[in-house]
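[1] Below is the sequence, then the predicted model.
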Amino acid sequence: MLSIMRISSNFKIVIGFMALSGITSLIHAQPPAEAPSDWEATAIDYSNVTYPFPVNYLPISLDGNDYRMAYMDVSPDGIPNGKTVVLFHGLNFFAAAFKVTIEALRLEGFRVIAIDRLGFGRSSKPDIHYNLHMPARHTKLLLDHLDIKYTAIIGHSMGGMVATRFASTYPETTSHVVMINQIGLIDQRPGNEWIDPTLAYERALMTNYETVLNNHVRYYPGGWKEEYLYWVKVQYGLTLSGDWPRMARVRAAQRMLIFEDPVVYEWQHITTKALVIGGAEDRLVDNYPARARHVAEQLQNAELMIFPGIGHAPAFEIPDRLHMELIRFLNSDPNESADQSWQNNSLATH
């Protein structure tokens with residue numbers, strides 16, 4: 001049973017016996033030490049990966065070349081509320097990973113669009129130099145194509161960086177912006193040497209089951225669940241494909257984007273109503289609660305919410321709790337100021 005202590009109307013800490021979606025009953029579960037022998041290669045176009053809703057494609061022209069961007073456009077289940085939400089995934093996931101979030105939002109009347117950015121999922125995999133302007137612009141092209149004038153934006157992990165860039169570039173289009181355990185919360189360039197793309201590629205090429213699994217295990221400080229292994233299977237399966245050398249180049253280029261194209265100087269210019277939300281025990285970010293607070297302080301109109309004991313993927317660890325807060329925020333009036341009373345409270349890091 002969840003126990004909730006409200007520090008302010010918008011900064012809440014979840015405490016109690018931590019029976020979070022069955023985590024305690026599964027805390028001793030362990031993933032297999034080696035990849036199961038029956039796992040097959042993941043096709044580079046994800047054609048053998050199941051998506052929860054029909055996938056559509058938007059033609060994209062980039063530097064004189066033609067590509068396509070995959071997306072799911074999911075209608076409300078029930079009475080539409082007239083609002084649209086766009087979802088941006090992280091580096092190690094793709095649009096289908098938002099299945100539970102899509103279901104929660106559509107049940108509340110939202111139209112939901114989940115995008116595979118170029119280089120991910122069923123979208124094209126060009127071997128190019130990537131930046132965050134690309135997905136922001138491509139999303140705007142998609143919204144224009146669908147005749148959507150106004151939308152909320154939700155980004156998880158690296159998708160939070162995309163959400164930042166979109167909100168700062170297209171404020172007239174963005175009603176709300178949500179950053180869930182966003183990465184890229186500091187400019188990594190000072191004191192760190194730039195990596196040659198060839199070296200980055202060689203490192204990506206060495207990806208194996210152990211490295212993929214370790215990345216996913218660190219998302220969940222509360223313990224491992226069997227269903228988490230599916231996302232390991234899909235990502236690791238790319239290394240079993242004959243297209244892996246090409247895919248490794250794309251992966252390396254996407255990782256370099258985080259270093260080369262920071263968004264830390266954009267938050268101060270975002271006037272859109274914002275929600276910075278995530279798990280306090282995020283192992284991808286050094287002291288996530290403090291970093292998240294800094295983001296909220298930089299934004300002009302933000303709420304802040306931290307979940308103690310939860311890691312980088314709250315949509316998997318505590319879906320009901322996360323989605324309740326997302327729906328509350330998305331239903332709020334975008335023209336009203338966010339409650340910023342959290343600024344008067346000290347923020348514990350654990």
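    Received it, and whenever you're ready, just let me know what you need.
[2] and residue 146, how far is that from residue 128?
    25 Å (CB to CB, to the nearest Å). The way it works is simple: take the backbone N, C-alpha and C, and place the C-beta from them, glycine included.
[3] With residue 189 instead?
    Per CB to CB, residue 189 is found 21 Å from residue 128.
[4] Those two - which one has more neighbours?
    Neighbour tally, residue 189 and residue 128, criterion other CB atoms under 10 Å: the higher count belongs to residue 128, 17 against 11.
[5] Is the closest residue to the more buried one other than its chain neighbours part of a helix or strand, or is it coil?
    Excluding the flanking residues, the one nearest residue 128 by CB to CB, 6 or more residues apart in numbering is residue 253, at 6.9 Å. The three-state label given to residue 253 by DSSP: H, G, I helix; E, B strand; the rest coil is helix.
[6] State the pLDDT value of residue 253.
    Reading off the confidence values, residue 253 has pLDDT 98.
[7] ditto for residue 2
    pLDDT, residue 2: 34.
[8] before we move on, what about residue 175?
    pLDDT, residue 175: 98.
[9] Am I right that it is in contact with residue 271?
    No. At 11.7 Å, residue 175 does not count as touching residue 271 under the criterion of CB atoms under 8 Å.
[10] Okay, now the unreliable bits of the chain?
    Within the chain, the stretches with pLDDT under 70 are 1-28, 346-350.
[11] go again using 80 as the cut-off
    Along the chain, segments meeting pLDDT under 80 span 1-28, 341-342, 345-350.
[12] Does residue 72 fall in a helix, a strand, or a coil region?
    Residue 72 is classified as strand under three-state DSSP.
[13] Just list whatever residues bridge to it.
    Under DSSP bridges, the beta-bridge partners of residue 72 are residue 114.
[14] Now do the same contact list for it.
    Counting by CB atoms under 8 Å, 6 or more residues apart in numbering, residue 72 touches 51-56, 95-96, 102, 112-114.
[15] Please narrow these to those residing in strands.
    56, 112-114 (DSSP state E).
[16] most surrounded residue in those?
    Neighbour max across the ones in strands among the contacts of residue 72 (other CB under 10 Å) = residue 114, 29 neighbours.
[17] I'd say that one and residue 84 touch.
    No. If you go by CB under 8 Å, residue 114 and residue 84 don't touch, sitting 11.6 Å apart.
[18] residue ranges of the helices in this protein, please?
    99-107, 133-145, 158-169, 197-205, 209-217, 229-237, 244-260, 288-298, 314-317, 319-330 (DSSP state H).
[19] any residues touching the longest one, and which ones?
    What it means is helix 244-260. So helix 244-260 is in contact with 44, 91, 119-120, 125-132, 158, 161, 183-184, 188-189, 192, 194-195, 197, 200-201, 203-205, 207, 238, 241, going by CB under 8 Å, 6+ apart.
[20] Give me the buried stretch members for it, please.
    Neighbour-count burial for helix 244-260 flags 244, 247-260 (criterion: 16 or more other CB atoms under 10 Å).
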